[in-house]
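In: A predicted structure for the sequence below; I have some questions about it.
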Amino acid sequence: MLLVDPRAPVRLHQRISGIMTVGIMRTTVTFDDDVAALLKREVDRRRLGLKQVLNDLLRRAFVQQVSPAKREQYRIKPLTSTGTLLVPVDNVAEALALAEDDRFK
């Protein structure tokens, strides 16, 4: 049983209190102002109770934390070679001259 009316506005440092029972854990939770505002907005948007919204958000957070986001596999396509070098490299000066259009010969 939730001790806070889900239709009531979420106040600063609102507390939800209770005891632990079989299968259900009840505890005291203190929300920061920004979290309380976000939670209130989500309760209003979904038109559900605070308990349901909070449980859904926690489940989603735990699942997301356990399973990392899938990334697209990165592949490098090999360059097909004709077997011959495009620029002769046995003479560095000649290779530079070809690469630089004879400007530095």
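Out: In hand now; what should we look at?
In: Pull out the buried residues from the longest helix seen in the chain.
Out: As assigned by DSSP state H, the longest helix anywhere in the chain is helix 50-66. Under the neighbour-count criterion of 16 or more other C-beta atoms under 10 Å, helix 50-66 has L50, V53, L54 buried. Any C-beta I mention is one placed from the backbone N, CA and C, and that applies to glycine too.
In: What is the nearest of those to K77?
Out: Taking C-beta to C-beta as the measure, K77 sits nearest to V53 out of the buried residues of helix 50-66, at 47.3 Å.
In: Would you tell me what the next helix or strand after the longest helix of the chain is?
Out: Heading C-terminal from helix 50-66, the first helix or strand you meet, by DSSP states H and E, is helix 92-99.
In: same for that following helix, what does it pack against?
Out: Contact here means 3 or more C-beta pairs under 8 Å, 6 or more residues apart in numbering; DSSP states H and E; on that basis helix 92-99 packs against no helix or strand.
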